[in-house]
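In: got a structure for you, letters missing:
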């Protein structure tokens, strides 16, 4: 069984229906671009991260990374939006659409992260990190054949984290500098 996603312009509704061996969902409430069928394996869908932990700036960054990676893997940005501000949500959604237009998904794993000293401001907190990632590009076709990878990448990143009216911390923006080549 695989999950079939139809991505592209949509009226904003999301739903699922079972049909044969595929479950299907209409996604793309925020996406623009040509419609595309995106197949996602049940294993990818079942690889749900731990629940969001948004009580501190550092836990918010960790949750953002876990849930954004999951969103990229299943081509559905909405699952990660509670961990980020609206502008970052648009960026994540756009990256998913970009990959769909290239007929690929990205399956990424955070291998290690080191947090630097936070810089606390009046309206936000800056969290510097050093990150090691492994990632592969997968086909959006049935079976999700590996198109490239696994590759490794290292980044020096700075996360701007803000507190919401509800008191949760969310990632407002990310500045990432690749240390070496990213494919």
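Out: Yep, that arrived. What you are looking at is a predicted structure, and each value in this text was computed from that prediction instead of being measured.

In: So for the protein, which residue is the most central one in space?
Out: residue 68 (2.4 Å; CA atoms, centre = their mean).

In: What is the helix or strand harbouring that residue packed up against?
Out: Taking DSSP states H and E as the definition, one finds residue 68 inside helix 57-74. Other elements packing on helix 57-74 under the criterion 3 or more CB pairs under 8 Å, 6 or more residues apart in numbering; DSSP states H and E are helix 42-46, helix 86-101, strand 104-115, strand 125-139, strand 146-163, strand 169-178. Any C-beta I mention is one placed from the backbone N, CA and C, and that applies to glycine too.

In: Could you tell me the angle between the third one and strand 146-163?
Out: Right, strand 104-115. Taking axes from the mean of the first three to the mean of the last three CA atoms, to 10 degrees, one finds strand 104-115 and strand 146-163 inclined to each other by 50 degrees.

In: Buried ones in strand 104-115, by neighbour count?
Out: Judged by neighbour count using 16 or more other CB atoms under 10 Å, the buried positions of strand 104-115 are 104, 105, 106, 107, 108, 110, 113.

In: what sits against residue 49?
Out: Residue 49 makes contact with 63, 66, 67, 69, 70, according to CB atoms under 8 Å, 6 or more residues apart in numbering.
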